[in-house]
Structures are given as structure tokens and as C-alpha cells.
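Trainee: fold the stuff below for me.
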Amino acid sequence: MASKGELQGIPQPMRWLSRVSADLLKAFAELRLRVQEGGRLSVREKRLALTAAYASIGCVKCLAGCIREGLKEGLSIEELLEAASVAVLVRGAEAVITVSEALRLLEIKA
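Mentor: Predicted coordinates for the structure are as follows:
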């Protein structure tokens, strides 16, 4: 099982992996860090892409966490919502509901 420090930065829904294997959780954490760091795409661009992706797959809690992190990183709610609006092209009304529910969880008025 992973220590409290090792779980820091790992989204709550993924923490059960530590009960399966500390190495598995560490691998996930490393992958998450590497994917989100700057490269050809900036950290900012990747956050916006993640916002659209989470809205597209319909994960309200994932999207809420992504928006929260984006706001901490200096993105505006308008930028994040514009990125989320791309999901409407992919999933239509389901994406609209996902974005609305994530904003409700964060207590952000649309």
C-alpha cells in the first residue's frame, strides 16, 4: 500500500490502485506527470485538451478537477469553457450536461 505522501496529486478515484500494487500506482502517477508536462504542447494547451476530453467522455468529477486545476494554473473560466465546448461537437447534449454538472460541483455559475 502506498504512503500518504505517495498518494498526493493522485486523483481520489485512482487511489484504490495502491491496494493492488504500489508500483502500479507509482507508474500511473509518473505517466500522469509526464503526459501533463510541457513538450511540443504547452502545459496550458494540454490542460485545455484535457478539459475537452473529460467533457467528451462524460466524467463530471474528472472535468471538475481539471477545471479546478486549470483555474489554479491561471487559465480563465472562459478559456476552460471554450475548450469544454469542443466536446459538444463530439457528444452533443451529453457534453452540455457534463459541463453543467462540473460547474455545479465547483459552485461556478454558468
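Trainee: give me the domain ranges for the protein.
Mentor: 4-36, 43-105 (automatic domain parsing).
Trainee: state the mean pLDDT of the longest one.
Mentor: This means domain 43-105. When pLDDT is averaged over domain 43-105, the result is 94.
Trainee: endpoints of it, how far apart?
Mentor: Domain 43-105 stretches 24 Å from its first residue to its last (C-alpha to C-alpha, to the nearest Å).
Trainee: show me what the host helix or strand of K61 is packed up against.
Mentor: K61 belongs to helix 60-72 when elements are defined using DSSP states H and E. If contacts are counted by 3 or more C-beta pairs under 8 Å, 6 or more residues apart in numbering; DSSP states H and E, helix 60-72 sits against helix 43-57, helix 77-91, helix 93-105. In short, each C-beta sits where N, CA and C put it, glycine included.
Trainee: tell me which of those helices sits most buried.
Mentor: For the helices and strands packed on helix 60-72, the largest average neighbour count (mean count of other C-beta atoms under 10 Å) is found in helix 43-57, namely a mean of 20.
Trainee: elements contacting that one?
Mentor: If contacts are counted by 3+ C-beta pairs under 8 Å, 6+ apart, helix 43-57 sits against helix 22-36, helix 60-72, helix 77-91, helix 93-105.
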